[in-house]
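Trainee: show me how the following folds:
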Amino acid sequence: MSTTTLQTPPADQVPAYDEPRKARKRGERSLAGSLTSHGILIVASLIALFPVGWLVFLSLGPDKDDYLHPAGIWDKMTFDNYSFVLQHTNFFEWLKSSLIVSLGTTVIGVMVAATTGYAVSRMRFPGYKKFMWVLLVTQMFPIAVLIVPMYQILSDLQLIDSYLGLILVYCSTAVPYCAWLLKGYFDTIPFEIDEAGRVDGLSPFGTFFRLILPLAKPGLAVAGFYSFITAFGEVAFASTFMLSDTKYTFAVGLQSFVSEHDAQRNLMAATAVLVAIPVSAFFYLVQKNLVSGLTAGGTKG
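Mentor: Model (predicted):
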């Protein structure tokens, strides 16, 4: 019986094996990728914030021609433009008119769009698909084409130079888009919830208001934000249908700083900064639901 002797090689002759690399987790970026993405986001943020910062900077210049020589603003910054706008213009009348029109458009437009989107999402009546396409087609007409017939309609209804007339005009542009948006969002809510409501004895309206609307808050937030911004910053309709100085919205009131031979750009800049405050406040109130509402509404529909 023979035995075999195993010889162990010297330590300096043992081949070295590399340790296996640690597997990268799913979604984990490399250092280079992380730096690149953060760099792109920083550049994009600066590009987005630069116009806002530039507007605020110009609003601190006391002279109307300071925008031609912005470097000179550093030595003479002042808040006199804001004081003049608040004390010697119809700023608060413009604010009241803008809030009435914007909030009215938001409430009426969102309710009409919500009921429309829910009906098309849940009910199968003759022509329901064509109805949604008709709403989409109405968005194709430019504002210049719509002003004349809308003016005639409002004149016949005696709604020229009234808040209600302007609110209805804005709803005609906000409702079609919001109806499409909310229809897609309602499609993501299970039909079993409607069936459970009917089993509990709720009417279709009761199911809609008590069960569906609370679940659709993100979609309603997006529709409300769109309606508010549409009414708050629109110029053509407001300047045509509102004739009284005290009923001008902010967008129309800014035009009072521009005449045929003069333009008070410093006052325009200060007013524009003040105008952004209520819009920013409204955005802050609904921003928690904006992202989820925008993404959820595009999954179906």
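Trainee: next up, the contacts around residue 279.
Mentor: By CB atoms under 8 Å, 6 or more residues apart in numbering, the residues touching residue 279 are 228, 229, 232. To be clear about C-beta, it is placed using only N, CA and C from the backbone, and glycine gets the same treatment.
Trainee: ok, and the most crowded of those residues?
Mentor: When neighbours are counted by other CB atoms under 10 Å, residue 228 leads the contacts of residue 279 with 26 neighbours.
Trainee: would you confirm that that one contacts residue 106?
Mentor: Yes: Residue 228 is within contact range of residue 106, at 4.8 Å (criterion: CB atoms under 8 Å).
Trainee: mutual contacts of the two, please.
Mentor: In contact with both residue 228 and residue 106: no residue, using CB under 8 Å, 6+ apart.
Trainee: can you put the contacts of residue 279 in JSON lines and add pLDDT, secondary structure and distance to residue 70?
Mentor: JSON lines is the format used below for the contacts of residue 279 (pLDDT from 0 to 100; DSSP: H, G, I helix; E, B strand; the rest coil; distance: CB to CB, whole Å):
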{"residue": "228", "pLDDT": "90", "secondary structure": "helix", "distance to residue 70": "32"}
{"residue": "229", "pLDDT": "87", "secondary structure": "helix", "distance to residue 70": "29"}
{"residue": "232", "pLDDT": "88", "secondary structure": "helix", "distance to residue 70": "28"}
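Trainee: between the residues you listed, which is closest to residue 75?
Mentor: For those, the minimum distance to residue 75 (CB to CB) is 35.2 Å, reached by residue 232.
Trainee: who are the neighbours in contact with the residue nearest to that closest one when sequence neighbours are not counted?
Mentor: Distances taken as CB to CB, 6 or more residues apart in numbering put residue 102 closest to residue 232, at 4.5 Å, once the chain neighbours are dropped. The contact partners of residue 102, by CB under 8 Å, 6+ apart, come to 227, 228, 231, 232.
Trainee: and for residue 179?
Mentor: Counted by CB under 8 Å, 6+ apart, residue 179 has contacts 112, 113, 116, 117, 120, 132, 135.
Trainee: circling back: can you pull the pLDDT of the residue nearest to residue 232?
Mentor: On pLDDT, residue 102 comes in at 92.
Trainee: and if you look at residue 188?
Mentor: For residue 188, the predicted pLDDT is 85.
Trainee: likewise residue 23?
Mentor: In this model, residue 23 carries a pLDDT of 57.
Trainee: got it, and residue 233?
Mentor: 83.
Trainee: now the one 4 residues further on
Mentor: With respect to pLDDT, residue 237 has a value of 91.
Trainee: quick one on the thing from earlier: give me the buried entries from the contacts of residue 179.
Mentor: 113, 116, 117, 120, 132, 135 (16 or more other CB atoms under 10 Å).
Trainee: so the fifth one versus residue 177, what's the distance?
Mentor: It stands for residue 132. 11 Å (CB to CB, to the nearest Å).
Trainee: kindly report the same for the second one.
Mentor: Distance of residue 116 to residue 177, given as CB to CB: 11 Å.
Trainee: can you list the buried ones among the contacts of residue 179 in a markdown table and add distance to residue 250?
Mentor: Formatted as a markdown table, these follow (distance: CB to CB, whole Å):
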| residue | distance to residue 250 |
| --- | --- |
| 113 | 24 |
| 116 | 29 |
| 117 | 30 |
| 120 | 34 |
| 132 | 33 |
| 135 | 28 |
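Trainee: tabulate these (TSV), appending secondary structure.
Mentor: Converted to TSV, the buried ones among the contacts of residue 179 look like this (DSSP: H, G, I helix; E, B strand; the rest coil):
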residue	secondary structure
113	helix
116	helix
117	helix
120	helix
132	helix
135	helix
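Trainee: tell me the two of the residues you listed that are most distant?
Mentor: 113 and 132 (11.7 Å).
Trainee: show me what contacts residue 269?
Mentor: 55, 56, 58, 59, 61, 67, 81.
Trainee: surely the fourth one touches residue 265?
Mentor: No: taking contact to mean CB under 8 Å, the distance of 9.4 Å between residue 59 and residue 265 leaves them out of contact.
Trainee: between the two, which one's more packed in?
Mentor: residue 59 (25 against 20).
Trainee: now do the contacts for that one.
Mentor: Per CB under 8 Å, 6+ apart, neighbours of residue 59: 81, 82, 266, 269, 270, 272, 273.
Trainee: same question, residue 64
Mentor: 262, 263, 264, 265, 266, 267.
Trainee: try residue 226
Mentor: With CB under 8 Å, 6+ apart, residue 226 has these contacts: 174, 177, 178, 181.
Trainee: repeat the analysis, applying 7 Å as the threshold.
Mentor: Shown in contact with residue 226 (CB atoms under 7 Å, 6 or more residues apart in numbering): 174, 177, 178.
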